[in-house]
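> pasting a predicted model and its sequence here:
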Amino acid sequence: MEIRLSDLRDKQVTTVSGERLGYISNVILDSTSGKLKTLVIVSDGEIPEGHELGADNTLNIPFETVRSVKDMVMVKI
């Protein structure tokens, strides 16, 4: 399945247990491999244990935690 980066922008992010984290404001790519590394999420919900908000109210979530991309992005953290 192919997904455009523009399709991810502003998409809601929740955990597999249903906790709302926020929405995607940006993504970080590995410049060598071209693979997605990190989702940058503007937080408007719960802050998962072990994660901290950045100075700009963003939360960085590793892309390998993504479990589903449909109407929203579901992550397992």
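Done, it's in. Numbering: from 1, shown residues only.
> where does the residue in the chain sticking out farthest from the centre land on pLDDT?
The outermost residue of the chain, judged against the average C-alpha position, is Thr32 (20.8 Å), by C-alpha atoms, centre = their mean. Thr32 carries a pLDDT score of 94 in this model.
> against Gly54, how distant is the residue nearest the centre of the chain?
Nearest to the geometric centre of the chain sits Leu39, at 3.6 Å (C-alpha atoms, centre = their mean). As judged by C-beta to C-beta, to the nearest Å, Leu39 and Gly54 stand 13 Å apart. Every residue, glycine included, has its C-beta placed from N, CA and C.
> between those two, what contacts are shared?
With contacts defined as C-beta atoms under 8 Å, 6 or more residues apart in numbering, the residues adjacent to both Leu39 and Gly54 are Asn60.
> which strand or helix spans the residue nearest to the centre of the chain?
Taking DSSP states H and E as the definition, Leu39 sits inside strand 36-43.
> the strand ranked longest in the chain packs against which elements?
Secondary structure of the chain per DSSP state E: the longest strand is strand 20-29. The criterion is 3 or more C-beta pairs under 8 Å, 6 or more residues apart in numbering; DSSP states H and E, and the helices and strands that strand 20-29 contacts are helix 5-8, strand 12-15, strand 36-43, strand 58-62.
> what pairs with Ile28 across the strands?
Thr38 (DSSP bridges).
> ok so, going back, confidence score at the residue nearest to the centre of the chain?
Leu39 carries a pLDDT score of 94 in this model.
> repeat that for Val13.
Among the per-residue scores, Val13 shows a pLDDT of 94.
> let me know how buried it is, in neighbour terms.
The burial metric for Val13, expressed as a neighbour count using other C-beta atoms under 10 Å, is 24.
> any weak-confidence spans in the protein?
Under the criterion pLDDT under 70, the flagged ranges of the chain are 1.
> wait, Arg9 sits on Ile24?
Yes. The pair formed by Arg9 and Ile24 meets the contact definition of C-beta atoms under 8 Å, at 5.9 Å.
> the two: which is more packed in?
The residue with the greater number of neighbours, taking Arg9 and Ile24 and applying other C-beta under 10 Å, is Ile24; the counts read 21 against 12.
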